[in-house]
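Student: no FASTA, just this:
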C-alpha cells in the first residue's frame, strides 16, 4: 500500500511539525484498503456522498451524489458500487472515469448525535450492463470502486444538520420521477435526448 503523502504533504508536515502525527495516522488508518464492518454499516446507511474525479490532465471535478439510504452498496471488503442517474448530460464525473479511474469518495453524517465522516479512495470502472443495473430503477450506469484507502476523518468541523426532505427526483421502484423544470426551459427543451420523458411531457 503506497502512502498518500507526497513532497507537498511532507513539506507542510515539516513546516508545522506534524510529520510524526501524520506518520502515526498513516500507520494506524491509511494503510487500510479493506472495508470493515463499521465502515460497511456507515456507508450503507448514507443517502449522499461527494465524488472527486480528475481528467487525464489532472483537472478536478467534485460532485454531489444523492439517493435513498443504502444506494451505495458494499459488494465485498474491497468494493463498493453505486448508480449514475440521469443528470444534466455533461457527464463530467463519469467522463473523467473513462480517462482517469482514480476517485475519492467522501461520506458525511450530518444528522447523528455524533457527526462523522469517512473517506474511500479507489479505482473506478463504469458499466451500463452491470448486473446491478436492474436493482437501481432509472440508473444509466453502475460505478464500481475498488478501494485503495478507507479511513475516517476528524469530525470536529462537521455542522449538525437536520434532514427536511429527501429528493422527490430520486428514481424509485414503481414511481416515475417528476420532470425537472430546467428541462422545460427554452434553452434546453429542443436539445434533450430523444428518449427523455420531458420531450413527450405535456
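Tutor: Received it, and whenever you're ready, just let me know what you need. From a predicted model like this one, the values you see are computed outputs, not experimental measurements. Residues are numbered from 1 along each chain as shown.
Student: going forward, measure contacts between C-alpha atoms and count neighbours the same way
Tutor: Fine.
Student: Now do the strands for this protein: every range, in order, please.
Tutor: Here the chain has its strands, by DSSP state E, at 48-54, 60-66, 73-76, 79-85, 102-109, 116-127, 139-153.
Student: Show me what the helix or strand of the chain with the lowest mean pLDDT is packed up against.
Tutor: Within the chain, no helix or strand scores below helix 19-25, which has a mean of 92 by mean pLDDT, DSSP states H and E. Secondary-structure packing of helix 19-25 (3 or more CA pairs under 8 Å, 6 or more residues apart in numbering; DSSP states H and E): helix 7-15.
Student: Buried residues in the least confident helix or strand of the chain, which are they?
Tutor: 19, 22 (16 or more other CA atoms under 10 Å).
Student: how far is that helix from where the chain is centred?
Tutor: Computed by CA atoms, centre = their mean, to the nearest Å, the separation of helix 19-25 from the middle of its chain amounts to 27 Å.
Student: And stretch 142-160, by the same measure?
Tutor: Distance of stretch 142-160 from the chain centroid (CA atoms, centre = their mean) equals 9 Å.
Student: ok, and what's touching it?
Tutor: With contact meaning CA atoms under 8 Å, 6 or more residues apart in numbering, stretch 142-160 is reached by 1, 29-35, 78-84, 110-112, 115-130, 132-133.
Student: So among those, which ones count as buried?
Tutor: 30-35, 78-84, 110, 115-126, 132-133.
Student: Where does pLDDT dip in this protein?
Tutor: 1-2, 200-202 (pLDDT under 70).
Student: From residue 64, how far off is the residue sitting nearest the centre point of it?
Tutor: Per CA atoms, centre = their mean, the C-alpha nearest to the average position across the chain is that of residue 51, at 3.7 Å. Look at residue 51 and residue 64: by CA to CA, to the nearest Å, they are 6 Å apart.
Student: who's in contact with stretch 165-183?
Tutor: The contact list for stretch 165-183, computed with CA under 8 Å, 6+ apart, reads 66-68, 85, 136-139, 188-189, 192, 197-198.
Student: Can you flag the buried ones in the residues you listed?
Tutor: The neighbour count (16+ other CA under 10 Å) marks 66, 67, 68, 85, 136, 137, 138, 139, 192, 198 as buried among those.
Student: how does the protein divide into domains?
Tutor: According to automatic domain parsing, the chain comprises the domains 1-31, 33-190.
Student: how close does residue 55 sit to residue 28?
Tutor: Counting by CA to CA - residue 55 and residue 28 are separated by 31 Å.
Student: Name the residue in these two with the higher neighbour count.
Tutor: Legend: neighbour count by other CA atoms under 10 Å for residue 55 and residue 28, higher for residue 55 (19 against 11).
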